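Colleague: A structural model of the following input is requested.
(3 chains)
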Amino acid sequence: MATAPKDFRFGNFVGSLIWLIFWILIIVALAGLPVIFIILFYVPLPPINGEVLTPYLFLSMVVDPTRTLPIIKFLIHTDIFRIAVFPGFTFAALLAAATIFIERKFLAKMQLRVGPLYAGKIEGILQLAADGLKLISKEIIVPSEADKPIFWLAPIAFVATAAALAALVPVAPGWVAADLDVGLLAVFAILGFFPLIALLFSWASNSKYPFIGGIRALHQMIAFEIPFILSALSVVILAGSLNLTDIALAQQPFWFILFLPISAFVFYISSLAELERIPFDLPEAESEIVAGWLTETSGMIYGLIQLGTYLKLYVLAALFVILFLGGWAGPQIFPQEIIPGYTGVKIYNPTTVNAIFWFTLKTFGMIMLILLPRGINPRIRIDILLHTGWYKLIVLTFINAFIALALIYGGILGPGGVLTQ
Amino acid sequence: MSEDSNKNKSGDTNTSQSSISSSSSPSKPAAANSPNTNISSSTPVTKASPSTPPSKTPATTTSVAKKEPEPPLFEKELVSQISSQLGDKVKVSYIRPLRIKIYVDPVNIVEVASFLRDSMAFDHAESVAGTDYPKENQIEVVYHLGSYSRVDLGAHILVLATRTNRDDARLPTLINVYKSVEYHERETFEMLGVYFEGHPRNERFLLPEDWADIPPLRKEFRIKGR
Amino acid sequence: MANIQDRIDQSEKLSMEIVKESPDDRLMTLSVGPQHPGSGHFRFTIKLDGDYIVFCDPDPGYVHRGEEKMCEYRNFIQNIPHLERPVIHDSNNITYSYSLAVEELVGIQVPRRGQFIRAIASELNRQVYTLYWLAIYGIFLGHSTMFMWPTGDRELFIDLLDALTGARVTHAFNIPGGVRNDVPNGFKDRCLRNIAYFEKRLKEYEDIFYNNPLLRQRTEGVGILTKEDAIKLGVTGSVLRASGIPFDVRKAEPYDVYNEIDFKVQYMKTCDSFARSYVPLLDMKESCHIMRQLLDKMPDSGEVRAKLQPNPKGPPGEAYRRVESGRGALGYYIVSDGTPKAYRVKISVGSFRNILALPHLLIGAKLADMPSIYWGLNYWPVEADR
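Modeller: Residues are numbered from 1 along each chain as shown, chains lettered A, B, ... in the order given. Here you go, the predicted model:
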């Protein structure tokens, strides 16, 4: 602090409290009450147990816990909950935040150091909160000749696209924010936005190093989209559907990774390239082009882009789990009833909880596997990258597509196959 | 200049004694991967190191007598090779173990340097130093030449010196003979004001772009406050 | 003098011209300047044609502090602290060479134990510098583990130097006449323990870093500096040894006690960027052998410093001595005029000589090869600027 704080005077303190209460009353009276009345008049409230949900009913139910269960159950099954909380944005963002912290600790252990240690009582667990607060408080510097609308909108578009991807991921049977029949195609369509956003942002930065970084990002992401799609093609051949939930359900007998190891490998490498993670972090090559297309980001814009990147990380790891590792399949380890003999309103569904548990576990494992190359490898060079993406990986995916076709026509998998239940 | 050859004073002989004894073994420089063994050298001018140290004992170790020690045989061979080819274009300043200094006029320096590079296998210049002598109104530019290709010359440094007038300091550049002097000469230009004719870029190198003072290594340039 | 002023003005105009771009020029000018994570305190301007570099112009001088001029204002011994500053983490070598040159001028005989301690400190410093160089090489290639491990292992040697001299970097340990103080108790055992642990770590470095196919792909065949070019450009140090010339000042012109030490000069013949990154590792291994022998052969007792009068001065004359530092041959040319202050001190540093290879190698290379070529030349900007 640059200035000395003023002395504490009790009168001023009481005055500021009264000022605060005054303003709360004004806002509630002028804005809050009209909103409540609009909701009561115009929004159709759901009937619960035959009664309409009025504020009086709501308050009485807060008193009696058994009566709040229907409300919670209702709320959980609304669309808003699915999109915003679980399995939508909040769940994905929490996993992304946990990933950032775990990445730092994991890499630190590999590099013989400790990582964040001081923020928070245990091993720096509040480091993320500290970083978030710091980023929010920093000034956002926009270059004077930058293209301002695109400069401001591109990071928001980045996060929005990553969140749109997260909406397609099914976490448990019936729990997906957007259940599309062509879910897998939609994933690839949305993934195609990212090179465009990177290029637009680097162009809007109006500077040489971001320009080079944007061009590299474009080359890299486009080169690896084709192996990506082709490796998912083998999965579609075996599963017979583009719907992500159906693909996960089709792996009941055996996980697809047993039959499609090469495709899984290609999918893994392509997802590393899409995420711009080491060894594929050319667009952000620090020692050659300062920070690539992220050079001109500062403050919250940088925070948004990091959030978007780690959301994408979660989504691609979750996709790998759904396509190759059987989604949420796993032995049932949660009992049928937590409290034996309870006959009231059921809110605990053992299959769902089991599915969530196994899905999260497998996704975490996959995330660790994606984080691992950062401690092992240097950066790749662009000509080697393009050679790998356009020649080697496409050939490998074709090999595995032929294996998948052979399995189907040989009658081992697919409808009426030997191994299908 | 001639007093330089007398400057192998007694104080110097002490260290030259120790440096001789330490340099006696490397006068037969070893091949890359073998330890320090005495290889039978193919060149006839083998270091007469077993014989030189005793013969070089200075008469006294105090500062009374300034007896000039006998220059080592290998270096004398080198100097006689140079003198026989170039005659009076070079003036030998001193011959010490592993260091030979010759003075050359600016007009002859390119020829002498080419001869040294082609026939004597001194193939690169280690550094270029300029010294300001305001008392004699001259600037001396000194090239230290070394050899990478000839193994027995690896330890020797030939000091090629030339002098030019202080007021209009111009020298022909040696960049066509030794490419390695490019940045050194540029630095000498900006630090001492010596213009190298033929050098592609006589420009500012280390000093800031807005330097507006005399070349700093001249003696009349005083550091502020000293 | 008017002539000189004209030329200075002209050069100022010329240096501004380099970074200008004309609108119909299809080349892009990049200033890899001091504000760049991949350049250090140094700037070079490159022009790109697509992904290939077609022009490179180094522009040092950002850390020029006038070391050579300052030497003329101080005594021989007073010069030691500021002469260390060009390379703070390799400071023992840059003052070693200076001490040798002053001893030749003034006529000082260094006691034997002092010579051994000087050599041990020099070898320890070489390890410290080479590990730092390796760490930055890793980070330039994007390999963060290759940055963390050598930086951690440097502490082994920095701790030893801390115990020996009292400071972690810029030790001010070598003076003309010997070293400032004797080794502490238990130094030899501690040294041997650290060296043994470090040799195991060097094996791990080889496995994890140098046998990594990505690193090999990025550095093999990149930036070829042929043997003839290396000699012509006058490069020195590990760059020279990576081009097939086994030249090491410790072997070619042994100073102090190096003629009693048995070691091999490590060199490679492949002349590419991988060789330039591998030769320092071999040098480090060799340095461990040297340190073991030095510790073995050190006399058990004796003076470490020659007795000098307060302002040592020598008869008028000149001397040129050189030492093998982490970056190559570091030479001092000192002219004395009979007073306690030097008349002219010229420092010939390995970095300044190696930078001549930068335009030669970068032109025609891809932009992505720039970090491995630039840092592979073992260029320390502060030392080159003096």
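Colleague: assign the residue of the stretch 1-150 of chain C found nearest chain A to helix, strand or coil.
Modeller: Closest approach between the stretch 1-150 of chain C and chain A, counting by C-beta to the nearest C-beta: C:Gly142, at 3.0 Å. Heads up, the C-betas are built off the backbone N, CA and C, glycines and all. Judged by DSSP: H, G, I helix; E, B strand; the rest coil, the three-state class of C:Gly142 is coil.
Colleague: do A:Arg379 as well
Modeller: Applying three-state DSSP: A:Arg379 is coil.
Colleague: now swap in the one 4 residues further on and tell me
Modeller: On the three-state scheme (three-state DSSP), A:Asp383 is labelled helix.
Colleague: what of the one 10 residues further on?
Modeller: Per three-state DSSP, the local secondary structure of A:Leu393 is helix.
Colleague: would you confirm that the residue of the stretch 1-150 of chain C closest to chain A contacts A:Arg379?
Modeller: Yes - counting by C-beta atoms under 8 Å, C:Gly142 does reach A:Arg379; the two are 3.0 Å apart.
Colleague: show me what contacts B:Gln85?
Modeller: Taking C-beta atoms under 8 Å, 6 or more residues apart in numbering or on different chains, we find B:Gln85 in contact with B:Phe115, B:Ser119.
Colleague: how close does the residue in chain A positioned nearest to chain C sit to A:Lys105?
Modeller: Among the residues of chain A, A:Arg379 lies closest to chain C, at 3.0 Å counting by C-beta to the nearest C-beta. Remark: distance between A:Arg379 and A:Lys105 (C-beta to C-beta, to the nearest Å) = 23 Å.
Colleague: could you do A:Asp179 as well?
Modeller: Distance of A:Asp179 to A:Lys105, given as C-beta to C-beta: 36 Å.
Colleague: do the same with C:Leu202
Modeller: Counting by C-beta to C-beta - C:Leu202 and A:Lys105 are separated by 28 Å.
Colleague: chain C against chain A: which residues are in contact?
Modeller: Neighbours of chain A within chain C, by C-beta under 8 Å from any C-beta of the partner chain: C:28, C:30, C:36-38, C:51, C:138-146, C:148-149, C:152, C:208, C:212, C:214-215, C:217-218, C:366-371.
Colleague: okay, A:Arg379 and A:Lys105: which has more neighbours?
Modeller: Taking neighbours as other C-beta atoms under 10 Å in any protein chain shown, A:Arg379 and A:Lys105 compare with A:Arg379 leading, 25 against 17.
Colleague: residue contacts, the more buried one?
Modeller: When contacts are counted by C-beta under 8 Å, 6+ apart, A:Arg379 touches A:Ile278, A:Pro279, A:Phe280, A:Asp281, A:Leu282, A:Ala285, C:Leu141, C:Gly142, C:His143, C:Leu214, C:Arg218.
Colleague: excluding its backbone neighbours, what's nearest the second one?
Modeller: The spatially closest residue to A:Pro279, leaving aside those adjacent along the chain, is A:Asn377, at 4.1 Å (C-beta to C-beta, 6 or more residues apart in numbering or on different chains).
Colleague: next: the fourth one.
Modeller: With C-beta to C-beta, 6+ apart as the criterion, A:Asp281 has its nearest non-adjacent residue at 6.0 Å, and that residue is A:Arg379.
Colleague: next: the last one.
Modeller: In space, C:Arg218 comes closest to A:Arg381 once its chain neighbours are excluded; the distance is 5.5 Å by C-beta to C-beta, 6+ apart.
Colleague: since we're on that neighbour, how many residues are nearby?
Modeller: 24.
Colleague: check A:Leu133 too.
Modeller: For A:Leu133, using other C-beta under 10 Å, the count is 11.
Colleague: what do you get for A:Val418?
Modeller: 10.
Colleague: can you classify it by secondary structure?
Modeller: Three-state call for A:Val418 (three-state DSSP): coil.
Colleague: that one and A:Pro350, how far apart?
Modeller: 31 Å.
Colleague: can you tell me how far the residue nearest to A:Pro279 sits from chain B?
Modeller: 34 Å (C-beta to the nearest C-beta, to the nearest Å).
Colleague: need the phi and psi values for that residue.
Modeller: Main-chain torsions, A:Asn377, degrees, to the nearest 10: phi -120, psi 150.
Colleague: right, and it touches A:Arg277 too?
Modeller: No - in this structure, A:Asn377 is not within contact of A:Arg277 by C-beta under 8 Å, at 9.9 Å.
Colleague: more crowded one of the two?
Modeller: A:Asn377 (23 against 20).
Colleague: in chain B, what residue is nearest chain A?
Modeller: Residue nearest to chain A within chain B: B:Glu209 (21.9 Å; C-beta to the nearest C-beta).
Colleague: quick one: name the residues of the stretch 51-200 of chain C near chain B.
Modeller: Residues of the stretch 51-200 of chain C found near chain B (C-beta under 8 Å from any C-beta) are C:60-61, C:64, C:66, C:68-70, C:73, C:103-109.
Colleague: for those residues, work out which two are farthest apart.
Modeller: Greatest spatial distance among those (C-beta to C-beta): C:Gly61 and C:Gln109, at 39.3 Å.
Colleague: those two: which has the busier surroundings?
Modeller: The neighbour count for C:Gly61 versus C:Gln109, taken as other C-beta under 10 Å, is higher for C:Gly61 (21 against 15).
Colleague: can you give me the strands for the chain?
Modeller: Going with chain A. Ranges of strands in chain A, per DSSP state E, are A:47-48, A:51-52.
Colleague: nope, chain B please
Modeller: Here chain B has its strands, by DSSP E, at B:90-96, B:99-104, B:124-133, B:138-146, B:157-165, B:170-172, B:195-197.
Colleague: between strand B:124-133 and the fifth one, find me the angle.
Modeller: Relative orientation of strand B:157-165 versus strand B:124-133 (axes from the mean of the first three to the mean of the last three C-alpha atoms, to 10 degrees): 40 degrees.
Colleague: strand B:157-165 to strand B:99-104, inter-axis angle?
Modeller: 30 degrees.
Colleague: show me the contact partners of strand B:157-165.
Modeller: For strand B:157-165, the external contacting residues (C-beta under 8 Å, 6+ apart) are B:78, B:93, B:98-106, B:109, B:112-113, B:116, B:120, B:122, B:126, B:137-146, B:170-171, B:194, C:320.
Colleague: and it, C-alpha only, in PDB?
Modeller: Extracted in PDB, the C-alpha atoms of strand B:157-165 (Å, rounded to 0.1, in the frame of the first residue of the first chain):
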ATOM      1  CA  ILE B 157      51.100 -17.000 -30.300                       C
ATOM      2  CA  LEU B 158      52.600 -14.700 -32.800                       C
ATOM      3  CA  VAL B 159      52.100 -11.100 -31.900                       C
ATOM      4  CA  LEU B 160      51.900  -9.000 -35.100                       C
ATOM      5  CA  ALA B 161      52.100  -5.300 -34.300                       C
ATOM      6  CA  THR B 162      51.900  -2.200 -36.400                       C
ATOM      7  CA  ARG B 163      51.900   1.400 -35.500                       C
ATOM      8  CA  THR B 164      50.000   4.300 -37.000                       C
ATOM      9  CA  ASN B 165      49.800   8.000 -36.500                       C
END
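Colleague: list the buried residues in that strand.
Modeller: For strand B:157-165, burial by neighbour count (16 or more other C-beta atoms under 10 Å in any protein chain shown) applies to B:Ile157, B:Leu158, B:Val159, B:Leu160, B:Ala161, B:Thr162, B:Arg163, B:Thr164.
Colleague: which ones are touching B:Gln138?
Modeller: B:Gln138 touches B:Arg163, B:Thr164, B:Asn165, B:Arg166, counting by C-beta under 8 Å, 6+ apart.
Colleague: mind running it again at 10 Å?
Modeller: By C-beta atoms under 10 Å, 6 or more residues apart in numbering or on different chains, the contact set of B:Gln138 is B:Thr131, B:Asp132, B:Arg163, B:Thr164, B:Asn165, B:Arg166, B:Asp167, B:Ala169.
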